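1. Test case, fold it:
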Amino acid sequence: MLPARRLVPVVALALLGALGLAGCRAQPTVAAYVDQTKITEEQVDAMVADAKAKAATPEEQGTRAPGRGDVVSTIVLNQLCDDLQKQQGFNKPPVSTEQIKQSEGTPSSSEFAKIRANLWSCLSGVPVETQEPTDAELRELYNLAKAAGAVDVPFEDIRAQLAADQSVRQALAIDRTLTEAAKGKDITVNPRYRPLMFPVFTLQSGEAIVSIPMGELGSGAVRDLS
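-> The predicted structure follows:
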């Protein structure tokens, strides 16, 4: 119905809304803050350089380094989810760096792949409550999928199928849980990386139709995140 490239099925259809992550702190040497923790540009430089070096080895042939925005969004969301896991004590299903390599083309031996694997592991372990999806939530998913060419039938013809889909229910629970967790955080993103997006639903074509927005929507600055 909705062909997607899935890394962790439980979060494949996540409807993660805007987390409202913005603040007044700003330093050119800092990519983002999560409460009092600084994610520095130097850390981002090092992680990208490490991935580039690993991608150049024979063992990692065919892989590529992530963009700077991917690094920042991964670190920010990883800390948010890790803090939630420590508070709630839920189990994290294992996700290997080899899975990250196969799914995303990132060198499995890179530091970025390790953080990325932990993030997907944490997201897939977020406790899921049995909740009835609302019409508004289902229609949002339908509209996004239709705009991307993934569905070609009327909403009413597919509504019941979407509502009964366990992955949809799981995704909505994850959305609500992480959105609530973000309310208690002081997270600021450097304007260079705005809008900072973390894709959670990707079609087979590689197009992300649902992403987690982090930080203010934009800064007006030219983006060069390579």
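
2. which helix in the protein runs the most residues?
-> Ordering each helix of the chain by length in residues (DSSP state H) puts helix 68-88 first.

3. packing partners for that one?
-> The elements that helix 68-88 packs onto, with contact taken as 3 or more Cβ pairs under 8 Å, 6 or more residues apart in numbering; DSSP states H and E, are strand 30-34, strand 37-40, helix 41-55, helix 111-125, helix 166-183, strand 187-189, strand 196-202, strand 208-214. Using the backbone N, CA and C atoms, a C-beta is placed for each residue, glycine as well.

4. Deepest-packed of these, please.
-> Each of those was scored by mean neighbour count; the highest is strand 187-189, a mean of 24, by mean count of other Cβ atoms under 10 Å.

5. which helices and strands sit right next to it?
-> Using 3+ Cβ pairs under 8 Å, 6+ apart as the contact criterion, the neighbours of strand 187-189 among helices and strands are strand 30-34, helix 68-88.

6. want to try JSON lines for the ones you listed, with distance to residue 96 and mean pLDDT as columns?
-> Written out in JSON lines, the entries for those read as follows (distance: least, Cβ to Cβ, whole Å; pLDDT from 0 to 100):
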{"stretch": "strand 30-34", "distance to residue 96": "25", "mean pLDDT": "90"}
{"stretch": "helix 68-88", "distance to residue 96": "16", "mean pLDDT": "91"}
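
7. can you put those in JSON lines and add distance to residue 150?
-> Formatted as JSON lines, the entries for the helices and strands packed on strand 187-189 read as follows, by distance: least, Cβ to Cβ, whole Å:
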{"stretch": "strand 30-34", "distance to residue 150": "32"}
{"stretch": "helix 68-88", "distance to residue 150": "23"}
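
8. Return the most buried member of these.
-> strand 30-34 (a mean of 22).

9. partners of that strand, with directions?
-> Using DSSP bridges, the neighbouring strands of strand 30-34 in the sheet come out as strand 37-40 (antiparallel), strand 187-189 (antiparallel).

10. relative to helix 41-55, how tilted is that strand?
-> Using axes from the mean of the first three to the mean of the last three Cα atoms, to 10 degrees, the inter-axis angle of strand 30-34 relative to helix 41-55 is 100 degrees.

11. Taking their axis directions, strand 30-34 and helix 68-88 sit at what angle?
-> Put simply, strand 30-34 runs at 20 degrees to helix 68-88, going by the same axes, to 10 degrees.

12. just to revisit the earlier point, just the angle for the next helix or strand after the longest helix of the chain relative to helix 111-125, thanks.
-> Counting by DSSP states H and E, the next helix or strand C-terminal to helix 68-88 is helix 97-104. When the same axes, to 10 degrees is applied, the directions of helix 97-104 and helix 111-125 differ by 90 degrees.

13. Report the buried residues of helix 97-104.
-> Of the residues in helix 97-104, those with enough neighbours to count as buried (16 or more other Cβ atoms under 10 Å) are 97, 99-101, 103-104.

14. circling back to that earlier point, so which of the helices and strands packed on helix 68-88 is nearest residue 62?
-> Proximity to residue 62, assessed across the helices and strands packed on helix 68-88 by Cβ to Cβ, is greatest for helix 41-55 (8.5 Å).

15. Centre of the chain to the closest one, how far?
-> Relative to its parent chain, helix 41-55 has a centroid offset of 19 Å by Cα atoms, centre = their mean, to the nearest Å.

16. Can you spell out which helices and strands pack onto that helix?
-> In this structure, helix 41-55 makes packing contacts with strand 30-34, helix 68-88, helix 111-125, judged by 3+ Cβ pairs under 8 Å, 6+ apart.

17. Next one: the nearest residue to residue 81 once chain neighbours are set aside from residue 88, what distance?
-> With Cβ to Cβ, 6 or more residues apart in numbering as the measure, residue 122 is the residue that lies nearest to residue 81, at 3.9 Å, once sequence neighbours are left out. Computed as Cβ to Cβ, to the nearest Å, the residue 122 to residue 88 distance reads 11 Å.
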